[in-house]
Structures are given as structure tokens and as C-alpha cells.
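Visitor: Predicted model and sequence follow; I will ask about them next.
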Amino acid sequence: MRLPKYTNWTRLGLCQALIGLVFVSLYFSPALSNLFEFTAVTLVATSKALRGRVRVFILSPLGKWYGLFLLVLILGAANGMLRGNSDFGEMWGWRKVLLLPLGAAIFMGEELAKRRLALGFLVVSILFALWSNINFLIGLNPVVTKNYALQGMFFTVAVLFCIEFFSEGRSTKAKFILITAASLLTVSVFYLTSGRSGYLAWLVGVPICLLLQSLLESASRKIVISLAALGLGLIFVYSSQTGRAAVASGLGEIRVTQSQDRGTRLETNAEAQQLSTRMGDRYNMWAKTVEMLPNYGLVGGGLAGFARVYDHHWKPVDDIKWQGLGDPHNQYLKIAVELGVPGLLFFLAFLLALVKSGLSQKSLRGVGIGVLAIWCSTSLFSSHFTTFHEGHFIWLFLGVFIASNTDISKNLVSRN
């Protein structure tokens, strides 16, 4: 595991440090994340050399795919405004997409800087995991980040970094530390939080990361190890009281909703009150969103226009208690309604282009593809490409660890 011994405090080096601070501050402070992002964007915008790096990415094959997806978003924004379904304020949430070229430009050809960022994120994640475990032992809330889903997903990303560094390491001491860290993070994911997103992230990300380790030459060995990791993760869920309760609660909520839809009545009111309807609510959201698709499947209702479209179809007349719905808790259904099925296909095509780019890299390949797979899977139950913390993280992560693989022109000035 080759790590840099110093930080290059040029303008480029400062931007790289700021991006690292964005990742860290997403654990606890959205305001700081925005401040660090804004500072990095300002430094890039005021530097000819750094703007040149952005241009190199935009002109790359992956950059062209990104440009097409951005064009789809722009057309969706225009459609939404013309239909009166969205405005600039509502579309502001999609600004996270612009983080991808920022991360790509700042980290193109900067492999040591990527490793420095990865190591920094791993160290901070371990500290948060220790804090979580200490809180649990003394009877305090073990969720020490903004929410339990975020904590589980971020800790899982840190586990993937442990796997990558372990596979590249030669020092027995370093490997022992990495195994210990991965164990601590895994325990925190399965036994200290009730976030189903964290469980799913681990069950998807860890096997994929192991499967893509280049140092394991035998394909059959990779498959066996990956399946063993998946089995181990399922054992963790089953053996964890928190995990069993979270999964059972979700399944129970869906059964309650289905029973109510069929007109059957629960045995007792206590049973209905005991089962939170988080997953049950999502079951209803998905069903109603699917019913809306025939009306918006071709051109969509407009970027960030889901809330108004939903109100148009489902808001009862003169219902003053109506709270509406801005997110169906499924990224793909949300995009299909806002941008139409063609827009969804463009989104999926862009993700496939990112997968292709990620598979072609030699360093940290398992982390890049593993994290993308995590976000794709959890977005079946949430909108993690557009929510604040998860959205900021994934678009910036994709820029730094996948999109930055673009070859740099020999004439590009990389330092300023």
C-alpha cells in the first residue's frame, strides 16, 4: 500500500484537501460541506490550469456521456418550467450532479492524492465507529452521524477501503490493523444501527469489492470468497437483534399495508400502532407512482416536478391536512416521472458508462464499482442520488474515484 508522505500545497493540492474535507464533513455538518465545496469551486473557476483540467474531462468519452445526461436534465428543467411543475428553487437540489466533473478534474492523474483521500476518510470513519461503540457501551445513542442510514452506508464504504488496502498491503502489522478496522466498522453497521440501507450496502458492496480484487487470480476463488462474504453478512443480519428487528419490521409494515389494501382489518389496534408504516408507506408510494407513469412516461413531468405532479393526481379536493409527497423513495421511479422513461434510460446508460470506466482502472477498482453498486441498490428504496448527504457523496465520489481515470493531455498544465 503506497501512501504519500506529504501534501502538495499548490492550488491543486488545496482543492484536493478541500474535497477530502467535504467527504469528512458530510458525516456531521452540511453547512461545512457546502462551504468546502464552494471554496473548491471558486479556486477552480479562478485558475486557468484547473479550468483546463475540467475541459479535458468534458472532452473525454465519459465526459461526453456526462454531457448527454446533463442535457437531459436541462431539457427536463425546461419541460418542468413550461408545465408549471417546477422552478429554479426546486431544481437547486440537482446541483450535486455538477460535483462529478469537479472531482474528476481535481484528481485526474493524481493517484497518490486519491489514496491520501481514501486513507483520510478511512481514519475518520474508524474514529466515528469507535465513538459509536463507546456510546453503545455506556448506554448512549450509537448513531453519531446525521442519521442511521448514512452511518451504515459510510461505514460500509470504509470497509471497502480496508479490503482494497489489505489486498495491496505487504506489512503484517498493517494487514492486522485493517482487519481490526473492518471488523469494528462491520460490527457498527450490523449491531449498532437499525438502518436497512446500511445492511444492504454491506451485503452488496463487500462481495462486489472482493470479486474485483485483481490480486486474486483465480476466478473461482474470487466467486467463492464473494459468496462466503455474502453468507457471512446474512449471518450478521440474522444474529443481530437490531438487524432482525429492522428487517422484520419492514416486512411487517408491507404486510399491514397489503392487508389494508385488501380491506381486511388487523386483529388489534395495538398491532397497527406497533408496526411503523415506513416501508408500508413506501409500498403505497411506489404503487401510486407506477399508476402515474402512463401520463409521464414519454417526456416526464419536469425536473424536480414530482411533488406537484403527485399533488395533481392524488391530492383530495379541499384537504387542508394534505402533506403531499416530494420523493417516492425510489430513485428510478422518480426519474421516470420527472424525465420520462427515455430520461431514465439515459441515466442508466450513464451509470453503465461509469461502470465501464471503473472496471478499466487498476487502483481501487473494487471500491469504485462497489460504492456505485451500493448506491444503485439502496436507491431502489430511496433517492440516494439526489438526497443531500448521499447525493453529495456519490457524485463527488464518482468524480474522484471513477471519472478521474480520464487520460490527461501531455500539454495540460496540472499545477497552479
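Guide: It's in.
Visitor: and residue 193, what element?
Guide: Element membership for residue 193, per DSSP states H and E: none, as it lies in no helix or strand.
Visitor: how far does stretch 132-142 stretch from start to finish?
Guide: Start-to-end span of stretch 132-142 (CA to CA, to the nearest Å) is 4 Å.
Visitor: List the buried residues of that stretch.
Guide: By 16 or more other CB atoms under 10 Å, the buried positions in stretch 132-142 come out as 132-133, 136, 142. (C-beta placed from N, C-alpha, C; glycine too.)
Visitor: which among these gets closest to residue 366?
Guide: Lowest distance from residue 366 to those (CB to CB) belongs to residue 132, with 24.7 Å.
Visitor: show me the contacts for the nearest residue to that closest one once chain neighbours are set aside.
Guide: Nearest residue to residue 132, sequence neighbours excluded (CB to CB, 6 or more residues apart in numbering): residue 142, at 4.5 Å. By CB atoms under 8 Å, 6 or more residues apart in numbering, residue 142 lies in contact with 132-133, 135-136, 188, 192-193.
Visitor: cutoff 7 Å now
Guide: Applying CB atoms under 7 Å, 6 or more residues apart in numbering, we find residue 142 in contact with 132, 135-136, 192-193.
Visitor: so what pLDDT did it get?
Guide: Here, the pLDDT recorded for residue 142 equals 93.
Visitor: Name the SS class of it, please.
Guide: Under DSSP: H, G, I helix; E, B strand; the rest coil, the three-state class of residue 142 is coil.
Visitor: How about the one 10 residues further on?
Guide: Secondary structure state of residue 152, per three-state DSSP, is helix.
Visitor: Next, count neighbours for it.
Guide: Residue 152 has 27 neighbouring residues, counting by other CB atoms under 10 Å.
Visitor: Can you verify my assumption that it contacts residue 191?
Guide: No: here residue 152 lies out of contact with residue 191, judged by CB atoms under 7 Å, at a distance of 11.0 Å.
Visitor: Now the common contact residues for those two.
Guide: Counting by CB under 7 Å, 6+ apart, no residue touches both residue 152 and residue 191.
Visitor: What residues of the helix or strand where residue 65 lies count as buried?
Guide: Under the criterion of DSSP H and E, residue 65 resides in helix 61-83. Residues 62-63, 65-66, 69-70, 72-73, 75-77, 79-81, 83 are the ones in helix 61-83 that count as buried (16+ other CB under 10 Å).
Visitor: Report the distance from it to the chain centre.
Guide: Here helix 61-83 is found 21 Å from its chain centre; the criterion is CA atoms, centre = their mean, to the nearest Å.
Visitor: which other helices and strands contact it?
Guide: helix 331-359 (3 or more CB pairs under 7 Å, 6 or more residues apart in numbering; DSSP states H and E).
Visitor: Could you give me the buried positions within the helix it packs on?
Guide: The neighbour-count check on helix 331-359 (16+ other CB under 10 Å) flags 331-341, 343-344, 346-347, 350-351, 353-355, 357-358 as buried.
Visitor: now do stretch 28-36
Guide: Of all the residues in stretch 28-36, those buried under the rule 16+ other CB under 10 Å are 33, 36.
Visitor: centre of the chain versus it, how much separation?
Guide: From the chain centre to the centre of stretch 28-36 is a distance of 17 Å (CA atoms, centre = their mean).
Visitor: Give me the contact list for that stretch.
Guide: By CB under 7 Å, 6+ apart, the residues outside stretch 28-36 that reach it are 18, 21-22, 25-26, 145-146, 388, 392.
Visitor: Thank you kindly, that will do.
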